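1. I'd like to go over a predicted model; first the sequence, then the structure.
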Amino acid sequence: MAFFAIMKSYFMIHDYMFNKLNKPIFVLLVIAVIFGAVYFWLVTPINTGQNIGHRFDWPDEVANYFFIENLAKTGELYVSEPLNSVAKNQVHPRSFNVKNNGSLVPGSFLGLILLYGFLAKIFGVGLIIYITPILAILGSLAFYGIIKRIFDEKIALLSLVLMLFHPAWWYYSVTSMLPNVCFVSLVIISVWLLFFKETKITFPQILLSAFSLGLAISIRPVEIIWIVALYFLLSIYLFRKLDWKKIVLFFAILFITLSPSFYQQKALFGNILTSGYDQLHIQQSLFKQVSGSFQSFIAPFGIHPRITTNNLWLYFFKEFWWLSFLAVLGLIFILFDLIKKTGLVFGYVLFSLFLFFWLGNFYGSWQFTDELTMKLNVLGLSYFRYWLPIYVISIPFIAGGLIWIINFFKTNAIKKIVLFIFVIFLFYNSATLVLSKNDDSIIPVRKRIAEYKKTASEVFSLTEPNSVIITIRKDKVFFPERKVIHSFYDLPENPELLEILPGLVNEAPVYYYSLGFEKNLNLENKMSLELVKNINQEVLYKIK
């Protein structure tokens, strides 16, 4: 009975959407509000009762949030760290850069920090974690507008829904301190602003489009090649709607929007084209080979067809098989039917194929070497967020594949039922993967972050406010309330850290948070470990 009630409601909503509404604005708003509420709920931390600041599961999120908050409160993108003079610049969390004078600076591109820091300064620091979900909803609505112009209303509306619960989009919309959804949303909004009027392009459209694109490039400048290709195709289509004044205005606004990033990169790193990634100390051996060269914009990890093919198979096709099958089906259908389509559809297909092969090689040639990262992560693997533009641009093909299948059925009632069943099936698979299936799914991560806060609260009660905690992969738990030194190895096996301990202990209380009991409590240089407390399976020692 419940099933028939649901189906009756579905038919009523479907008929209202497509028969009684000339433009389904109401439906768009309902969809946006529903998914916006889900995104907001998932990004809001669990209340554990401890007076502990935001915690994140990604070192990159820790760094971005810290510098966004610091910029909003102080107007600065660096933090002094006097202890680094004796610690040889080891006092910092992961994903941070350390300057020669010991101060801490970002280890990433600066655009996200500057944009979110500016918004936080105006609207309050409490807004920071919600900016990405808001942009994800706005970007999805803009994508609907673009797809409606290129294809049709049904594909556009179906694409909107598919986009909002696509695993990669959903996951990184609520992993809110990473830049990828923000970047893609701003590119989509920029394109939509040039696209939504059929007759002409006004100066406000040019201004806002260039501004949105400038923000996007400042957040992910490494994507510049495919962005140039996209706007080259757009310029061909929009050629008759543009004149030299609008083109000059577009590039002027684009340059002005990029200027704050250039200025800060010059101030922090000594070069307007140098980012935090180029100087990230833990990756110097990798980036020294490509930093400052054109190769970093073409193939930063080289060209490795076998590795690329394997990664694309695993992380584009196999992991999202319920979506990739439909995407391939829809692409084949559109290609065979292309002669009946407009030039816009042809351009969309052409650019989609280019983007697939470009980003496929650009990031697919990168092979992870950290076995623990591969073991513990599925959606958390970086391929999924770096390939976000490919996942998004393939969504209309998924919608096309669905429509092609349901068109085999003759009656409208059967078509509606089949479409409903397919959408529920796709949603179920996506929701299971995003929310609960793996250790890095959102609900387990939320619970883990709540445990971080409990652990941090207990450790803070046992350590001095000016203390330093040496830890393996737990720096994200204790920073920023405590200064941290991150290690990939147990302290007794890390000669670089053992060397700095005598000088550091003279300057501040130093603790070692170990993943288990240490067999030998005696360290080099007459240093030793004194047990403070066993916390679950982990152990806090004081270094003396």
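-> Yes, it's here.

2. Output the helix or strand where Leu138 lies as PDB - backbone C-alpha positions only.
-> Per DSSP states H and E, Leu138 falls inside helix 131-150. What follows is helix 131-150, C-alpha atoms only, in PDB (Å, rounded to 0.1, in the frame of the first residue of the first chain):
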ATOM      1  CA  ILE A 131      30.100  28.500   1.800                       C
ATOM      2  CA  THR A 132      30.900  25.400  -0.300                       C
ATOM      3  CA  PRO A 133      27.500  23.800   0.100                       C
ATOM      4  CA  ILE A 134      25.800  27.100  -0.900                       C
ATOM      5  CA  LEU A 135      28.000  27.400  -4.000                       C
ATOM      6  CA  ALA A 136      27.300  23.700  -4.800                       C
ATOM      7  CA  ILE A 137      23.600  24.400  -4.900                       C
ATOM      8  CA  LEU A 138      24.100  27.600  -7.000                       C
ATOM      9  CA  GLY A 139      26.500  25.900  -9.300                       C
ATOM     10  CA  SER A 140      23.900  23.000  -9.800                       C
ATOM     11  CA  LEU A 141      21.200  25.500 -10.600                       C
ATOM     12  CA  ALA A 142      23.500  27.300 -13.100                       C
ATOM     13  CA  PHE A 143      24.300  23.900 -14.700                       C
ATOM     14  CA  TYR A 144      20.600  23.300 -15.100                       C
ATOM     15  CA  GLY A 145      20.300  26.600 -17.000                       C
ATOM     16  CA  ILE A 146      23.200  25.700 -19.300                       C
ATOM     17  CA  ILE A 147      22.000  22.200 -20.100                       C
ATOM     18  CA  LYS A 148      18.500  23.500 -20.700                       C
ATOM     19  CA  ARG A 149      19.900  25.800 -23.400                       C
ATOM     20  CA  ILE A 150      22.000  23.000 -25.000                       C
END
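
3. Show me what that helix is packed up against.
-> Contact partners of helix 131-150 among helices and strands, from 3 or more C-beta pairs under 8 Å, 6 or more residues apart in numbering; DSSP states H and E: helix 25-43, helix 153-164, helix 167-174, helix 180-195, helix 343-364, helix 395-406. Just so you know, the C-beta spots here come from the backbone N, C-alpha and C atoms, and that holds for glycine as well.

4. How about the backbone phi and psi for Ile543?
-> Backbone torsions of Ile543, given as degrees, to the nearest 10, read phi -90, psi 130.

5. Skipping its backbone neighbours, what lies nearest Gly214 in space?
-> Spatial nearest neighbour of Gly214, excluding adjacent residues (C-beta to C-beta, 6 or more residues apart in numbering): Thr257 at 2.6 Å.

6. tilt between the helix holding Leu138 and helix 395-406?
-> Helix 131-150 and helix 395-406 are oriented at 60 degrees to each other (axes from the mean of the first three to the mean of the last three C-alpha atoms, to 10 degrees).

7. Report the mean per-residue pLDDT for helix 131-150.
-> What helix 131-150 shows for mean pLDDT is 95.

8. Distance from the chain centre to it, please.
-> Helix 131-150 has its C-alpha centroid displaced from the chain centroid by 16 Å (C-alpha atoms, centre = their mean, to the nearest Å).

9. so where is the stretch 351-500 of the chain shaky, pLDDT-wise?
-> By pLDDT under 70, the low-scoring segments of the stretch 351-500 of the chain are 368-376.

10. One more pass at 90, please.
-> The stretch 351-500 of the chain contains residues with pLDDT under 90 at 361-383, 407-417, 419, 437-440, 473, 487-496, 498.

11. Could you chop this structure up by domain?
-> 2-42+129-435, 59-107+445-543 (automatic domain parsing).

12. so which of those comes closest to Gly53?
-> Smallest distance to Gly53 across the domains of the chain (C-beta to C-beta): 7.2 Å, for domain 59-107+445-543.
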